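Q: how does the following fold in three dimensions:
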Amino acid sequence: MSTLVIVESPTKARTIRSYLPSDYRVEASMGHVRDLPPSADEIPEKFKGEKWSQLGVNVESDFEPIYVVPKDKKKTVKELKDALKEADELVLATDEDREGESISWHLLQLLKPKVPTKRMVFHEITPEAIRRAIDNCRNIDEQLVKAQETRRILDRLYGYTLSPVLWKKIAWGLSAGRVQSVAVRLLVNRERQRQAFKQGGYWDLKASLEQEKTPFESKLITLRGTKIATGNDFDENTGKIAQSRNVILLDEAQAEALKEQLQDKLWTVNSVDERAVKRKPSPPFTTSTLQQEANRKLRMGARQAMRTAQSLYERGFITYMRTDSVHLSDEAITAARSCVEKMYGLEYLSPEPRQYTTKSKGAQEAHEAIRPAGKTFRTPQETGLKDKEFALYDLIWKRTVACQMADSRQTHITVNLQVEDAGFRSNGKRIDFPGFLRAYVEGSDDPEAALENQEVPLPGMKQGDHPTCKEIEVVGHETQPPARFTEASLVKTLESEGIGRPSTYATVIGTIVDRGYAKLQSNALVPTFTAFAVTTLLEKHFPEFVDVKFTARMEQTLDDISTGEAQWLPYLKKFYFGESGLDTQIKEQENKIDPKLARTIELDNLDANSEMTYRICIGKFGAYIEAENGENIVKASIPEDLTPSDLDLEQIDKLLKQKTEGPEELGIHPEEDKPIYIMTGRYGPYVQLGDESEGSQKKPKRASLPKGVNMEDVNLDLAVGLLSLPRTLGTHPETGCKIQANFGRFGPYIVHDQGKESGKDYRSLKAEDDVLTITLERALELLAKPKRVRRGSPKAAPLLKDLGKHPEDGEAVGVYDGPYGPYVKYGKVNVSLPKDISVEDVTLEKALELLQDKASSKKPVRDGKSTQSKAENN
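A: Numbers count the residues shown, from 1 in each chain. Okay, the predicted model is just below:
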């Protein structure tokens with residue numbers, strides 16, 4: 001008896017195949033095999049005349065979805081159907097969450113098996129787990145499928161109904177999404193708070209003291225019995241002390257005077273308070289907390305963290321990575337406790353096994369939290385993993401092991417001191433027993449180093465002691481605006497507000513950045529002008545659909561549908577056709593939206609005390625400034641790297657001055673005898689050689705300023721140097737090919753151009769090298785060193801078999817191991833190896849035959865555009 005097992009990915013298939021008997025055939029569906037039409041040209045012909053056809057959902061017939069097999073999946077479906085013909089049994093083994101259940105259901109609908117069919121689920125890929133899953137198969141959960149289908153339809157209706165409004169009223173290519181638009185609004189609202197923020201300043205004193213030759217610090221907290229003002233006492237809207245706060249606000253002069261008053265005075269310890277504190281370890285990872293910690297500790301974006309986790313899961317290193325559960329199986333608890341005892345000793349083991357409970361009502365319980373796979377946990381060093389995969393596994397291993405460790409016992413110490421009428425306070429912390437902190441400290445890569453940093457030692461003191469004052473320092477402070485969202489804090493906020501599901505956050509954040517709604521600056525998500533325009537339009541005309549509470553209620557209803565507590569059809573009807581439904585709102589509001597106003601952005605930080613009126617607008621080529629003074633209107637493009645938070649009146653004046661008075665001239669090029677200008681354009685500041693002739697096809701030569709170089713720092717010599725790039729340094733003595741120096745996306749570099757056959761060999765310049773002065777000798781020295789692989793760059797696929805040289809041009813032909821299985825590589829051409837041919841059986845002749853087949857089957861590419869795929873984002 002032969003059994004066909006279908007999973008989503010080739011990697012997962014390869015891992016599972018090795019755990020099953022030889023009569024089991026494991027194939028991959030390559031993800032979803034059927035979906036709503038991704039573009040207009042994939043809508044079935046019989047539906048194209050219907051007014052709802054662009055939605056891919058028949059809203060006139062109980063929201064019936066129109067499913068199609070995407071063009072790139074037709075070959076996969078045919079291969080699965082062929083494989084099923086040879087099987088006596090079908091096992092659908094896709095992921096155990098809603099998405100996986102949906103894929104299995106679609107496979108069942110497409111393949112229409114005539115043999116017995118089972119649904120197999122597992123949350124880790126180990127031999128024991130797979131054998132257990134095979135023995136405990138079930139049927140497809142229709143209720144879960146319907147819940148996922150409702151979610152899919154809802155997202156399609158939201159995206160494909162609202163996005164076209166944004167196209168018409170603001171700019172082509174924009175998208176709205178049920179979760180995405182709310183997330184963008186969170187970013188914009190935070191930026192509005194930052195722009196409205198008024199900074200306040202305050203001063204205090206810091207004393208350096210000594211007790212029995214042990215130094216410690218103390219901070220001023222009261223004066224004449226009244227609390228000294230701190231940042232928490234300010235009103236962020238006024239920059240002044242909030243009303244009802246009874247505090248003393250010191251300015252610099254008062255602080256200096258107080259410092260002088262306290263010099264050489266007697267210091268007395270008024271009280272010493274020691275408080276015992278216990279800290280418990282955090283629960284093991286869920287999808288959300290893994291994304292947050294990976295971002296904080298490893299600087300991984302949500303997408304990268306989930307891609308890396310997916311790879312670890314499919315290769316059998318960790319359990320399923322899309323889960324809201326913090327539960328651990330008895331097997332996992334035993335494995336974690338064994339690790340603690342072996343690596344840290346019995347004293348570090350919690351007295352009783354710790355079990356955690358998931359608090360979220362709508363948790364998508366995938367049986368367990370994210371943990372190392374198996375009955376015993378491999379240490380990170382035993383896995384053979386490298387780079388990001390090692391770092392993420394290490395994080396998961398530490399968090400899981402730490403959750404079964406003893407509490408950390410600490411003593412928090414507060415010492416209050418008095419000198420004249422000023423009260424000072426010193427805070428200390430002593431770690432009496434590190435407990436779980438030996439293995440895991442949130443936000444730190446090195447637990448041992450973090451333990452040292454967490455301790456704040458104070459000398460032994462008692463009431464009545466008189467420590468010696470060595471120095472008093474006047475310290476100035478400024479209040480800070482609310483922090484921008486990072487990927488970690490945005491994920492945390494979305495989850496705490498009940499918006500969307502953690503498994504979708506990586507995709508949502510990726511879309512926000514890819515579509516230009518936010519830029520990543522120093523790990524912070526900074527909203528763009530487009531984000532402000534889109535959010536303002538949606539808030540004004542469709543407020544409910546970007547309301548946090550409304551979106552959270554929507555998510556809860558979708559969860560209720562999955563448990564049978566709510567009915568999907570009445571909910572969809574109300575959402576779309578109801579009195580305040582989406583379709584109703586579009587019909588009422590669309591004609592009320594003035595495109596000119598929709599494209600205009602109001603920023604609180606551009607209130608000018610002049611006769612000039614400034615507007616920020618969204619145009620076909622991005623954001624621009626429109627300045628109006630009576631009847632005169634001047635427009636100037638805003639550089640793409642400039643965000644609303646960076647734009648101030650000084651920046652605006654520079655951009656407008658360039659437009660009205662012409663660019664600033666740096667001088668005359670010594671060889672070309674043409675003026676050199678410094679300018680700002682859509683892509684940032686640059687230097688330009690000569691003037692742009694009207695009607696001329698030839699553009700003047702331009703060179704962007706290197707990263708970190710300000711316009712104010714550019715002089716004529718630097719401009720001449722930048723315009724000379726790329727610099728040809730000479731030829732390589734071995735190849736005779738030229739070597740050049742230039743600036744690129746990742747900074748200054750040299751390149752050894754060896755022609756089409758051998759390609760280009762690049763090297764980044766070191767900090768001490770100057771792209772404008774580097775010599776040929778130094779370039780040869782850099783080229784002689786091994787090339788450093790950029791962290792995060794894809795690794796070269798391993799060569800499985802060298803087949804020799806291609807008879808036509810002598811270029812190497814080989815078989816390589818890729819993510820989707822072995823393939824033949826010749827130059828830039830790759831051909832997957834057919835399933836019935838093993839690597840050992842491939843000859844040069846067979847490889848040439850496969851390459852020829854691919855070349856002859858290539859069809860001319862049509863220039864088609866997908867209008868629909870832009871619209872839909874979760």
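
Q: which stretches of the stretch 651-800 of the chain form strands?
A: 664-668, 675-681, 684-689, 701-704, 727-731, 738-744, 747-753, 760-764, 799-805 (DSSP state E, counting those that start in this stretch).

Q: ok, which of those comes nearest Lys388?
A: strand 760-764 (20.6 Å; Cβ to Cβ). For the C-beta atoms, the positions are set from N, CA and C on the backbone; glycine is no exception.

Q: CA atoms only: put the closest one into CSV for me.
A: Output of strand 760-764 as CSV, limited to C-alpha atoms (Å, rounded to 0.1, in the frame of the first residue of the first chain):
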residue,chain,number,x,y,z
LYS,A,760,32.9,41.9,-11.4
ASP,A,761,34.8,41.5,-8.1
TYR,A,762,33.8,44.1,-5.6
ARG,A,763,35.5,45.2,-2.3
SER,A,764,34.2,47.8,0.2
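
Q: picking up where we left off before, out of the strands of the stretch 651-800 of the chain, the one nearest Lys219 is which?
A: With Cβ to Cβ, the closest approach to Lys219 among the strands of the stretch 651-800 of the chain belongs to strand 747-753: 42.4 Å.

Q: got the phi and psi for the residue nearest to Ala422 when sequence neighbours are not counted?
A: Counting by Cβ to Cβ, 6 or more residues apart in numbering, the nearest residue to Ala422 once its immediate chain neighbours are dropped is Leu223, at 5.5 Å. When read as degrees, to the nearest 10, the backbone of Leu223 gives phi -140, psi 120.

Q: can you check the one 3 residues further on too?
A: Taking degrees, to the nearest 10, you get phi -110, psi 140 for the backbone angles of Thr226.

Q: how much space separates the closest residue to it other than its chain neighbours from Leu220?
A: Leaving aside its chain neighbours, Thr226 sits nearest to Ile248 (5.1 Å; criterion: Cβ to Cβ, 6+ apart). Using Cβ to Cβ, to the nearest Å, one obtains 10 Å as the distance from Ile248 to Leu220.

Q: what packs against the host helix or strand of Thr334?
A: According to DSSP states H and E, Thr334 maps onto helix 330-343. Using 3 or more Cβ pairs under 8 Å, 6 or more residues apart in numbering; DSSP states H and E as the contact definition, the elements that helix 330-343 packs against are helix 387-402.

Q: which elements pack onto the host helix or strand of Arg307?
A: Using DSSP H and E, Arg307 maps to helix 302-314. Under the contact criterion of 3+ Cβ pairs under 8 Å, 6+ apart, helix 302-314 touches helix 10-17, helix 287-298, helix 387-402, helix 502-514.

Q: show residues contacting it.
A: If you take Cβ atoms under 8 Å, 6 or more residues apart in numbering as the criterion, helix 302-314 is touched by 9, 11-12, 15, 124-125, 287, 290-291, 294-295, 298, 300, 318-321, 370, 373, 385, 388-389, 392-393, 396, 487, 491, 505-507, 509-510, 792.

Q: out of those, which are buried?
A: Buried members of the contacts of helix 302-314, counted by 16 or more other Cβ atoms under 10 Å: 9, 11-12, 15, 124-125, 287, 290-291, 294-295, 298, 300, 318-321, 370, 373, 385, 388-389, 392-393, 396, 487, 491, 505-507, 509-510.

Q: mind listing what's buried along the lengthiest helix in the chain?
A: Of all segments of type helix in the chain, defined using DSSP state H, the longest is helix 142-169. Buried positions in helix 142-169, judged by neighbour count with 16+ other Cβ under 10 Å: 144-166, 169.

Q: which residues touch the residue nearest to Thr226?
A: Contacts of Ile248 by Cβ under 8 Å, 6+ apart are 223-224, 226-229.

Q: that older thread, let me have the helices and strands packed on helix 302-314 in a markdown table, extended by distance to Asp691 and mean pLDDT.
A: What follows is those, written out as a markdown table (distance: least, Cβ to Cβ, whole Å; pLDDT from 0 to 100):
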| stretch | distance to Asp691 | mean pLDDT |
| --- | --- | --- |
| helix 10-17 | 57 | 91 |
| helix 287-298 | 48 | 93 |
| helix 387-402 | 49 | 96 |
| helix 502-514 | 37 | 91 |
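
Q: closest one to Ala531 among those helices?
A: helix 502-514 (8.1 Å).

Q: low-confidence ranges in the stretch 451-600 of the chain?
A: The stretch 451-600 of the chain contains residues with pLDDT under 70 at 451-453.

Q: where do the strands sit along it?
A: Using DSSP E, counting those that start in this stretch, strands in the stretch 451-600 of the chain cover 468-478, 518-521, 524-527, 600-601.

Q: can you give me phi and psi for the residue nearest the centre of the chain?
A: Residue closest to the average C-alpha location in the chain (Cα atoms, centre = their mean): Gly301, at 3.2 Å. Main-chain torsions, Gly301, degrees, to the nearest 10: phi -70, psi 160.

Q: wait, it sits on Val508?
A: No. Counting by Cβ atoms under 8 Å, Val508 is not a contact partner of Gly301; they are 12.0 Å apart.

Q: out of the helices and strands in this protein, which is least certain?
A: helix 447-454 (a mean of 56; mean pLDDT, DSSP states H and E).

Q: could you report the neighbour count for Gln381?
A: 9 (other Cβ atoms under 10 Å).

Q: just say helix, strand or coil for it.
A: helix (DSSP: H, G, I helix; E, B strand; the rest coil).

Q: which strands or helices does the strand or helix carrying Ser218 pack on?
A: Following DSSP H and E, one finds Ser218 within strand 214-223. In terms of contacts (3+ Cβ pairs under 8 Å, 6+ apart), strand 214-223 is packed against strand 201-211, strand 422-433.

Q: neighbouring contacts of it?
A: Outside strand 214-223, the residues within contact range by Cβ under 8 Å, 6+ apart are 204-210, 227-228, 248, 250, 258, 415, 417, 421-426, 428, 457-459, 467, 470.

Q: same check on stretch 3-11?
A: Outside stretch 3-11, the residues that reach it (Cβ under 8 Å, 6+ apart) are 13, 16, 20, 23-31, 80, 83-84, 86-95, 100, 103, 107, 120, 311, 314-315, 819-821.

Q: in strands, which of those residues appear?
A: Members of those lying in strands (criterion: DSSP state E): 24-28, 89-92, 821.

Q: what about Ser311, neighbour count?
A: For Ser311, using other Cβ under 10 Å, the count is 19.

Q: ok, Tyr505 - contacts?
A: 179, 287-288, 291, 302, 490-491, 494-495.

Q: what do you get for Glu89?
A: Contacts of Glu89 by Cβ under 8 Å, 6+ apart are 1-4, 115-118.
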